[in-house]
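Colleague: Sequence and predicted structure, then a few things I'm wondering about:
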Amino acid sequence: MGVVKRPSKTMSRAARLMKLGAGLTGSYLAYRLQRPFVSSAEGESRRKTLHGRNAKRVRDELSSLAGPVMKVGQALSMQTHLLGEEWVQELSALQMQAPAMHEALMRAQFKSSMGRYPEEMFSSFNPQPFAAASLGQVHWATTRDGEEVAVKIQYPAIREAIESDFRMLRTAGLPVRLSGHLESEMIREAERGILEETDYIREAQNIDYFRTALADLKFMRMPRVYKT
């Protein structure tokens, strides 16, 4: 009887992403071969159809893989300056699949960051998030002074997970990049933008800056950052 080592979960996920990348490359190469033989209008129609079909294919695969790579897809859906309309529309559907952290994990993550549990810092804290997105989730709370605030809690090790999944995506997307259908600069820019969104301290500084800079515009309201 032979014994074969079971493939690791990471390797299995990487293989699925490689298969996805190869499939996307094949579809785009087929489109390029057909393009010279159709009219401009027909070519544009086929291009949009192809983008929509491939975007749905990517969305379905990322949804099936779940975990951090799905969060990369959720975050990519907000990169409207990089991705076409068809891609943004499909990947945006992943936003509806953002699972919230288990309460115990949320409390552990909060204490790891703040040094205390939520109930030790607030007079009230709702453990159920009212919003969960690609990088974190948001809870309602009331400060000791009685002010209602929104508390944003980042998923644990999300930055490391994003960096790891982008490494896998670069490998999986190599055929697409070599065929000229995906620019390496686009991947780098997407990763840079998403990683910036994990820097909540910088986000708070930006909010403070715009709150001061736009203070004279009475028709605008900017959130206030509470420092601890």
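Modeller: Perfect, thanks for sending it.
Colleague: quick one: the helices in this protein?
Modeller: Ranges of helices in the chain, per DSSP state H, are 9-34, 40-65, 67-76, 85-92, 103-114, 118-121, 158-172, 174-178, 184-197, 200-213.
Colleague: export the ones you listed to JSON lines and tack on mean pLDDT?
Modeller: As requested, the helices of the chain are exported to JSON lines (pLDDT from 0 to 100):
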{"stretch": "helix 9-34", "mean pLDDT": "70"}
{"stretch": "helix 40-65", "mean pLDDT": "79"}
{"stretch": "helix 67-76", "mean pLDDT": "70"}
{"stretch": "helix 85-92", "mean pLDDT": "81"}
{"stretch": "helix 103-114", "mean pLDDT": "94"}
{"stretch": "helix 118-121", "mean pLDDT": "95"}
{"stretch": "helix 158-172", "mean pLDDT": "78"}
{"stretch": "helix 174-178", "mean pLDDT": "55"}
{"stretch": "helix 184-197", "mean pLDDT": "78"}
{"stretch": "helix 200-213", "mean pLDDT": "92"}
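Colleague: Go through those helices and name the closest to Pro127.
Modeller: helix 103-114 (4.9 Å; Cβ to Cβ). (C-beta placed from N, C-alpha, C; glycine too.)
Colleague: Output the contacting helices and strands for that closest one.
Modeller: Where contact means 3 or more Cβ pairs under 8 Å, 6 or more residues apart in numbering; DSSP states H and E, helix 103-114 is packed against helix 118-121, strand 148-154.
Colleague: Okay, buried residues for the first one please.
Modeller: Read it as helix 118-121. 118, 121 (16 or more other Cβ atoms under 10 Å).
Colleague: Just the residues contacting it, thanks.
Modeller: Contact partners of helix 118-121, identified using Cβ atoms under 8 Å, 6 or more residues apart in numbering, comprise 107, 110, 114, 125, 127, 139, 141, 151, 228.
Colleague: Looking at those, which is nearest Ser45?
Modeller: Closest approach between those and Ser45, by Cβ to Cβ: His139, at 46.1 Å.
Colleague: separation between the closest one and Met106?
Modeller: His139 sits 8 Å away from Met106, going by Cβ to Cβ, to the nearest Å.
Colleague: And Ala22, by the same measure?
Modeller: The spacing between Ala22 and Met106, counted by Cβ to Cβ, is 38 Å.
Colleague: Just want to know which of the two has more residues nearby.
Modeller: The residue with more neighbours, out of Ala22 and Met106, is Met106; 21 against 15, by other Cβ atoms under 10 Å.
Colleague: mind listing what the residue nearest in space to the middle of the chain touches?
Modeller: Centroid-nearest residue in the chain: Ala75, 2.2 Å away (criterion: Cα atoms, centre = their mean). Neighbour list for Ala75: 134-135, 162, 194, 197 [criterion: Cβ under 8 Å, 6+ apart].
Colleague: sorry, back to before: turn the helices and strands packed on helix 103-114 into CSV, columns for distance to Arg53.
Modeller: Listed next are those as CSV, based on distance: least, Cβ to Cβ, whole Å:
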stretch, distance to Arg53
helix 118-121, 44
strand 148-154, 34
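Colleague: out of those, nearest to Arg46?
Modeller: Of the helices and strands packed on helix 103-114, nearest to Arg46 by Cβ to Cβ is strand 148-154, at 41.4 Å.
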